[in-house]
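In: next come a sequence and a model predicted from it.
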There are 2 protein chains.
Amino acid sequence: MSVIFNYGMPGLIALLPSALRTRLVALAVPLRYRDKQHIQSRGDRTQGLSIIQSGAVCFGKVDSEGRFMTAAVFEAGQCYGEFTLFAGLPRTHDGYAEGDTVISYVSKARFDQLLDEEPSLGRIYNSLLTIRMHYLLEWLDDLRRYPLKYRLGKTLLMMQAEAGTGRIDITQGALGEIMGVSRVAVAKVLADYRRRGFVRVVYGGLEIADEAALRDWLGTFAAVESIAPLVPLFPALGQG
Amino acid sequence: MSVIFNYGMPGLIALLPSALRTRLVALAVPLRYRDKQHIQSRGDRTQGLSIIQSGAVCFGKVDSEGRFMTAAVFEAGQCYGEFTLFAGLPRTHDGYAEGDTVISYVSKARFDQLLDEEPSLGRIYNSLLTIRMHYLLEWLDDLRRYPLKYRLGKTLLMMQAEAGTGRIDITQGALGEIMGVSRVAVAKVLADYRRRGFVRVVYGGLEIADEAALRDWLGTFAAVESIAPLVPLFPALGQG
DNA sequence: CCCAAACTGTAAACCGGTTTACATTCTTAT
DNA sequence: ATAAGAATGTAAACCGGTTTACAGTTTGGG
């Protein structure tokens, strides 16, 4: 049930015109993290913008029983830290690297200065935040309305579109974490998909065996409009 | 399960310095709607900013069975239409007036011009969108983690804080719609609260009988930090 | 004043997820 | 080659919600 901020959703990198991107990155310090390395804690007071150059960052919180619950995964091209930049909040989530990860970090002071010099940066941020809000609301709506056997199929189609290849390398446990459900629930749905001939499950991943059939079947739950990458939904954001 | 964009969350009106507020409202056309009157449809192409002066607007979508599902309720002081302003999207939700409602409507052309003349407006919008995102994520987190008997209590406390008085005038059906659950589920929780002495249920509403006890009991589920109005959470946004 | 409409209370059957448990299969390191 | 670890498959008991149903209560309009 965590939001994956990717799958065709444009990130800051994609939205910035290249000149501005160059200036912004020039202000940044590169930070390197190894897989699973801790990046930030809920409550931290560091203020600044982080841009993910490679790898991914997993955000979440520890619940009262001490278990980590994923809220969102941000992949390369996405940025985070707006809460500290625009609302003066402390970090609201714990974050760790998902795979070896490189981050460009821009301090709040430097970011604010660039924001003064380049009003277009503010505009772009308005767009970015709006897009995220839209994406979040769509995803939330799916969550309310549709059962796992719809949401998982939709997610798999998006993953495949993102990956390009037919093979999706992810364990059922990780899938469960992303969808916010247990491994068992994922396995049940995949068993059903397997019987229907939609997927082939292999050790440590799966393949979409019949994409068209899966897409059709998902269509019986809901219009599958938004399974396509999201970019075409944002006509205002042609190039970046 | 719909988001109520209020309960101490600052809206555009609260964030704008008064001079800018005056300028913005001067650009607006007032629109009046009666209770339950239709305001917009998903897919509409009108672009502009709407500021709720009084009343409230309920947003949602019709699902495949034709039932309306509420996604969010915006109250006086809040604005909407950012998706059309910043991302060029058509309206993503149906909207209708909840109570007699007056809206200040600013066309995209006029808004864009003001945005050019007043860079601070863009900054304020960055803050506003950030706050909303934060609020949404918090709320989503509650939704994942905690059962209705926690969420409903928290919502009632917020409603009471907002209303000021002890009496909360809302039917159980409407409560269910807000919480995104059935009326029966609400009634079950309220029956339990009644037995525990937290609330008194009356026709068409309820009263918090023992706020301290309710708050304590909710504290056994989770730290109740965010039940207080949200404004103090945003130190960067002192005055507006 | 009374009836219709709106609202509340509660029960029963159901459903989609959870947790726990355990057997099985696949991979990798030694 | 094999043992250990990781991942999958599946079943059972459980739980928090849903839907449906119906009876009882309150309110407001004619």
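Out: Perfect, I can see it now.
In: right, and the helix or strand after the helix-or-strand element of chain A with minimal mean pLDDT?
Out: Between all helices and strands in chain A, the lowest mean by mean pLDDT, DSSP states H and E belongs to strand A:3-5, at a mean of 66. The helix or strand immediately downstream of strand A:3-5 is helix A:12-15, counting by DSSP states H and E.
In: buried sites along that following helix?
Out: A:Leu12, A:Ile13, A:Ala14, A:Leu15 (16 or more other Cβ atoms under 10 Å in any protein chain shown). In short, each C-beta sits where N, CA and C put it, glycine included.
In: swap in stretch A:133-145?
Out: Across stretch A:133-145, burial judged by 16+ other Cβ under 10 Å covers A:Met133, A:His134, A:Tyr135, A:Leu136, A:Leu137, A:Glu138, A:Trp139, A:Leu140, A:Asp141, A:Asp142, A:Leu143.
In: closest to DNA strand C among the residues you listed?
Out: Closest approach to DNA strand C among the buried residues of stretch A:133-145 (Cβ to the nearest atom of the strand): A:Leu143, at 9.2 Å.
In: so which residues on chain A come close to DNA strand C?
Out: Counting by Cβ under 7 Å from any atom of the strand, chain A comes close to DNA strand C at A:147-149, A:176, A:180-182, A:184-185, A:188-189, A:202-204.
In: do the helix or strand that A:Ile124 is a member of and DNA strand D meet?
Out: Of the helices and strands defined by DSSP H and E, A:Ile124 is found in helix A:119-145. No: Helix A:119-145 lies out of reach of DNA strand D by Cβ under 7 Å from any atom of the strand, never closer than 9.7 Å.
In: give me the mean pLDDT for that helix.
Out: The average pLDDT within helix A:119-145 is 89.
In: and the angle from that helix to helix B:119-145?
Out: Going by axes from the mean of the first three to the mean of the last three Cα atoms, to 10 degrees, helix A:119-145 is angled at 20 degrees with respect to helix B:119-145.
In: show me how far helix A:119-145 is from its chain's centre.
Out: Relative to the centre of its chain, helix A:119-145 is centred 12 Å away, using Cα atoms, centre = their mean, to the nearest Å.
In: do the same with stretch A:40-56
Out: In this view, stretch A:40-56 has its centroid 15 Å away from the chain centroid, taken as Cα atoms, centre = their mean.
In: what is the end-to-end distance of that stretch?
Out: Terminal residues of stretch A:40-56 lie 14 Å apart, using Cα to Cα, to the nearest Å.
In: remind me which residues of chain A are low pLDDT?
Out: Low-confidence segments of chain A (pLDDT under 70): A:1-5, A:7-8, A:224-240.
In: where along chain A do the strands fall?
Out: A:3-5, A:29-33, A:38-40, A:48-54, A:56-62, A:68-75, A:79-80, A:94-97, A:101-107, A:167-168, A:199-202, A:205-208 (DSSP state E).
In: point out the most buried one among the ones you listed.
Out: Mean neighbour count, computed with mean count of other Cβ atoms under 10 Å in any protein chain shown, is highest for strand A:79-80 among those, reaching a mean of 24.
In: is that one anywhere near chain B?
Out: No: judged by Cβ under 8 Å from any Cβ of the partner chain, strand A:79-80 stays clear of chain B, getting no closer than 10.9 Å.
In: how does chain A divide into domains?
Out: Domain ranges of chain A: A:3-140, A:147-221, per automatic domain parsing.
In: how far away is A:Pro17 from DNA strand C?
Out: When distance is defined by Cβ to the nearest atom of the strand, to the nearest Å, A:Pro17 is 42 Å away from DNA strand C.
In: one more: A:Leu89?
Out: For A:Leu89 relative to DNA strand C (Cβ to the nearest atom of the strand), the value is 29 Å.
In: so that residue touches B:His134, yeah?
Out: Yes: here A:Leu89 reaches B:His134: they are 6.6 Å apart, a contact under Cβ atoms under 8 Å.
In: before we move on, back to that, tell me which of the strands of chain A sits nearest to A:Tyr193.
Out: strand A:199-202 (4.6 Å; Cβ to Cβ).
In: burial count for the spatially closest residue to A:Thr130 that is not a sequence neighbour?
Out: Excluding its sequence neighbours, the residue lying closest to A:Thr130 (Cβ to Cβ, 6 or more residues apart in numbering or on different chains) is B:Phe86, at 4.1 Å. Applying other Cβ atoms under 10 Å in any protein chain shown, we find 27 residues neighbouring B:Phe86.
In: okay, buried residues for stretch A:106-114 please.
Out: Neighbour counts over stretch A:106-114 (16+ other Cβ under 10 Å) mark A:Val106, A:Lys108, A:Arg110, A:Phe111, A:Leu114 as buried.
In: brain fart, stretch A:158-172
Out: A:Met158, A:Met159, A:Gln160, A:Ile168, A:Ile170, A:Gln172.
In: do the same with stretch A:114-131
Out: Residues A:114-115, A:118, A:121-131 are the ones in stretch A:114-131 that count as buried (16+ other Cβ under 10 Å).
In: hmm, back to that, DNA strand D: which of the buried residues of stretch A:133-145 is nearest?
Out: A:Leu143 (13.4 Å).
In: hang on, the closest one packs against A:Arg151?
Out: Yes: because the distance of 7.1 Å satisfies Cβ under 8 Å, A:Leu143 is recorded as touching A:Arg151.
In: from chain B, how far out is A:Leu143?
Out: Taking Cβ to the nearest Cβ, to the nearest Å as the criterion, A:Leu143 is separated from chain B by 8 Å.
In: ok, back up a step: wait, doesn't the residue nearest to A:Thr130 sit right on A:Arg132?
Out: No: with contacts counted by Cβ under 8 Å, B:Phe86 stays clear of A:Arg132, the gap being 11.1 Å.
In: of all the strands of chain A, which one is nearest B:Leu31?
Out: So among the strands of chain A, strand A:3-5 is nearest, using Cβ to Cβ, at 33.9 Å.
In: for A:Val102, which non-adjacent residue is closest in space?
Out: Leaving out its chain neighbours, A:Val102 is closest to A:Gln53 (Cβ to Cβ, 6+ apart), at 4.3 Å.
In: again with A:Leu190
Out: Closest to A:Leu190 by Cβ to Cβ, 6+ apart is A:Val201, at 5.7 Å.
In: returning to that earlier point: who wins for neighbours among the residues of chain A next to DNA strand C?
Out: Neighbour tally across the residues of chain A next to DNA strand C (other Cβ under 10 Å): the maximum, 23 neighbours, falls on A:Val189.
In: what residues does it make contact with?
Out: Contacts for A:Val189 (Cβ atoms under 8 Å, 6 or more residues apart in numbering or on different chains) come out as A:Leu148, A:Lys149, A:Leu152, A:Gly153.
In: near DNA strand D, which residues of chain A show up?
Out: A:171-173, A:183-184, A:187-188, A:190-191, A:194, A:201, A:203-205.
In: and which of the residues you listed is nearest B:Val57?
Out: Proximity of these to B:Val57 (Cβ to Cβ) peaks at A:Lys188, which lies at 40.0 Å.
In: state the distance from that closest one to A:Leu206.
Out: With distances taken as Cβ to Cβ, to the nearest Å, A:Lys188 is found 14 Å from A:Leu206.
In: one step back: find the pair from the buried residues of stretch A:106-114 with maximum spatial separation.
Out: Going by Cβ to Cβ, the pair spanning the buried residues of stretch A:106-114 furthest: A:Lys108 and A:Leu114, at 10.8 Å.
In: still on that earlier bit, and the buried residues of stretch A:106-114, which of them are in helices?
Out: In this view, the buried residues of stretch A:106-114 that belong to helices under DSSP state H are A:Lys108, A:Arg110, A:Phe111, A:Leu114.
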